[in-house]
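Trainee: Okay, predicted coordinates and the sequence, questions at the end:
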Amino acid sequence: MHFAYVIAGSEATGGAGIQVDLKTFQQLGVYGLGTITCIVSFDPKADWAHRFVPVDPAVIADQFEAANASQDLDVVKVGMLGTPATIDAVAAALTSKPWRHVVLDPVLICKGQEPGAALNTDNALKAKILPLATVVTPNNFEAKALSGLASLDTVDDLVEAGRRILAFGPAAVAVKGGIDFPGPDAIDVLVERSPGGGEPLVEVLTAPKIGRERVSGAGCTFAAAITAELAKGASVLSAVRTAKALVTRGIEARVAGHTPFDTVWQGA
């Protein structure tokens with residue numbers, strides 16, 4: 001039996017957050033445990049805007065203690081944190097024990113936060129969580145924010161963003177071009193530290209884009225799939241390839257609802 005742990009927010013529609021993470025773990029044959037950092041409830045009366053409630057840091061610590069006492073956990077995905085206080089609690093928890101792999105989905109913007117609070121959260125994430133990661137999975141917007149690049153319009157841009165994000169300390173960066181990347185293909189680039197300390201290793205992963213609209217849960221599913229595969233002993237490159245294929249299938253079989261967005265189907 002393989003185990004994977006996730007520290008992330010709860011999203012009530014089931015299309016993102018810890019709900020997606022645990023479904024993805026299950027799909028890939030991994031037993032999942034989780035700690036909730038915040039509760040996000042879309043507001044259908046206000047154009048589906050985010051309603052955001054952080055979990056008390058002491059409760060986060062309690063959840064971490066319970067999960068890690070119940071199983072020998074050494075692979076973790078970190079998703080939405082949302083506040084500097086939450087980041088402090090999670091950083092303290094993560095550094096309290098060794099990990100084989102830490103996968104970070106760097107959710108930089110919490111919709112509903114004031115710009116100043118969001119910036120403080122972003123800076124805390126970069127300083128305290130990013131250096132702990134084995135793999136970071138920024139989307140197009142997050143990669144620009146972390147790398148300082150103004151645009152990501154070419155594969156070389158994606159590679160350069162990955163190189164710059166490596167400077168924060170992670171072992172690998174999977175930069176997702178996503179729907180914002182020009183052209184007909186969904187292109188992701190894995191930039192990984194060379195074991196010999198030379199130039200980073202680069203792998204370009206390509207699949208045709210499916211539709212022109214964003215699909216909720218794609219990023220969560222991608223990072224969770226990487227986490228599950230690493231828990232089973234896969235290499236980073238193999239885990240990213242599996243995650244890319246799984247997300248592609250999940251978008252093809254996406255689930256429609258009363259929301260203005262479709263969601264990835266983890267059972268595809």
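Mentor: Everything's here; your move.

Trainee: Determine the set of other helices and strands touching the helix ranked longest in the chain.
Mentor: If you go by DSSP state H, the chain has its longest helix at helix 236-252. If you count contacts as 3 or more C-beta pairs under 8 Å, 6 or more residues apart in numbering; DSSP states H and E, helix 236-252 packs onto strand 135-136, strand 185-192, strand 201-208, helix 218-231. All C-beta spots, glycine's among them, are computed from the backbone N, C-alpha and C.

Trainee: per-residue pLDDT, residue 123?
Mentor: The pLDDT attached to residue 123 in the predicted structure is 87.

Trainee: In this structure residue 220 contacts residue 22, no?
Mentor: No: judged on C-beta atoms under 8 Å, residue 220 makes no contact with residue 22 at a distance of 10.4 Å.

Trainee: Which one's more surrounded, these two?
Mentor: residue 220 (32 against 20; other C-beta atoms under 10 Å).

Trainee: any idea how far the more buried one lies from residue 70?
Mentor: Look at residue 220 and residue 70: by C-beta to C-beta, to the nearest Å, they are 23 Å apart.

Trainee: Helices of the protein, start to end?
Mentor: For the chain, helices defined by DSSP H occupy the ranges 17-27, 57-70, 84-94, 115-128, 140-147, 155-166, 218-231, 236-252.

Trainee: Specify the angle between the third one and helix 115-128 in degrees.
Mentor: Angle between the axes of helix 84-94 and helix 115-128 is 20 degrees (criterion: axes from the mean of the first three to the mean of the last three C-alpha atoms, to 10 degrees).

Trainee: Identify each buried residue in helix 84-94, please.
Mentor: The neighbour-count check on helix 84-94 (16 or more other C-beta atoms under 10 Å) flags 84, 86, 87, 89, 90, 91, 93, 94 as buried.

Trainee: my guess is the fourth one contacts residue 57, does it?
Mentor: Spelled out, that is residue 89. Yes: the criterion here is C-beta under 8 Å, and residue 89 meets it with residue 57 at 3.7 Å.
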